[in-house]
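[1] Pasted the sequence and its predicted model underneath.
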Amino acid sequence: QVQVVESGGRLVRPGGSLTLSCATSGFTLTGHYMTWIRRTPENGLEWISYMSASGSSTSYADSVRGRFTMSRDNGENLVTLQMNNLRVEDTAVYYCARGLGDYVGLGVWGPGTQVTVAS
Amino acid sequence: EVVLTQFPDTLSLPPGERATLSCRASQSVSNYLAWYQVKTGQPPRLLIYDTSNRAPGIPPRFSGRGSETDFTLTISSLDPEDVGLYFCQQRFSWPPMFTFGQGTNLEI
């Protein structure tokens, strides 16, 4: 069964760091692009980061570039998001999502993990 | 950056009616557009990919069309379970970057 499950979200102070994990199963990471998306408290969706199927290309939203880093471990079927210098506005539910082949569409989503940045 | 604007912000219709949700891009995105449904407490659900292709398991009452800058999602006959937020999403540049519209709240 194709599945992704996020973990690692918690309360963290502004300026702090956090690592989110996305455990994948039922498919190989080298066959699909992966993304991180967040759902804001205002109920909007914001794309955060992308990694190509080969793992050789990444991209980030302007709001997180230089602070967040996406990586993966093919052997462990794990995708991670390292978040540094967190801000109050990074508070959101974070989702790991798998691309639908090469198409524009994210067909597999995890349940999400809550990150709260507050003092 | 390509900006997606959705309208209306809120759409309220009775069951059985036809709903048309719109998404306009600030510049051409070709057919690189997807639609999602989001229900409270649940992750987004992919409805349509590459403008007009229904995702696996999506009922045929959902359809998408459009090109370049103007896109629509149509729900042909509303079911009470269709209530929720609907977002369009596009991809641009290489490596890819993505943006979402601000969402349409569908009330049944």
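    Okay, I see it.
[2] So which residues of chain A form strands?
    A:3-7, A:11-12, A:18-25, A:34-39, A:45-51, A:58-60, A:68-73, A:78-83, A:92-99, A:106-109, A:113-117 (DSSP state E).
[3] need the ones you listed in CSV with distance to B:Gly16, mean pLDDT and mean neighbour count, can you?
    C-beta here means a position set from N, CA and C on the backbone, and glycine is covered the same way. Putting the strands of chain A into CSV (distance: least, Cβ to Cβ, whole Å; pLDDT from 0 to 100; neighbours: other Cβ atoms under 10 Å in any protein chain shown) gives the following:
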stretch, distance to B:Gly16, mean pLDDT, mean neighbour count
strand A:3-7, 35, 98, 18
strand A:11-12, 45, 98, 14
strand A:18-25, 40, 98, 18
strand A:34-39, 30, 98, 23
strand A:45-51, 29, 97, 22
strand A:58-60, 43, 96, 18
strand A:68-73, 44, 97, 17
strand A:78-83, 42, 98, 20
strand A:92-99, 32, 97, 24
strand A:106-109, 29, 96, 22
strand A:113-117, 37, 98, 18
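[4] Find the residue at the geometric middle of chain A.
    By Cα atoms, centre = their mean, the mean C-alpha position of chain A lies nearest to A:Trp36, the distance being 2.9 Å.
[5] quick revisit: export the strands of chain A to CSV and append columns for distance to chain B.
    Output for the strands of chain A, formatted as CSV (distance: least, Cβ to the nearest Cβ, whole Å):
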stretch, distance to chain B
strand A:3-7, 10
strand A:11-12, 20
strand A:18-25, 12
strand A:34-39, 7
strand A:45-51, 4
strand A:58-60, 4
strand A:68-73, 11
strand A:78-83, 15
strand A:92-99, 6
strand A:106-109, 4
strand A:113-117, 11
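[6] what's the single longest strand in chain B?
    Under DSSP E, chain B gives strand B:84-92 as its longest strand.
[7] Please save the CA atoms from it in CSV.
    Only the C-alpha atoms of strand B:84-92 are listed here, as CSV (Å, rounded to 0.1, in the frame of the first residue of the first chain):
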residue,chain,number,x,y,z
GLY,B,84,-15.0,21.9,1.7
LEU,B,85,-12.1,24.1,0.4
TYR,B,86,-10.9,23.8,-3.2
PHE,B,87,-7.5,24.8,-4.3
CYS,B,88,-5.8,25.1,-7.7
GLN,B,89,-2.1,24.6,-8.0
GLN,B,90,0.4,25.1,-10.8
ARG,B,91,4.0,24.4,-11.5
PHE,B,92,6.5,26.7,-13.1
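[8] Up against chain A, what does chain B have?
    B:1, B:32-34, B:36, B:38, B:43-46, B:48-50, B:53, B:55-56, B:85, B:87, B:89-91, B:93-100, B:102-103 (Cβ under 8 Å from any Cβ of the partner chain).
[9] Can I get the buried part of these as one PyMOL selection?
    In PyMOL syntax, the buried subset of these is picked out as below (16 or more other Cβ atoms under 10 Å in any protein chain shown):
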select buried, chain B and resi 32+33+34+36+38+43+44+45+46+48+49+50+53+55+85+87+89+90+91+96+97+98+99+100+102+103
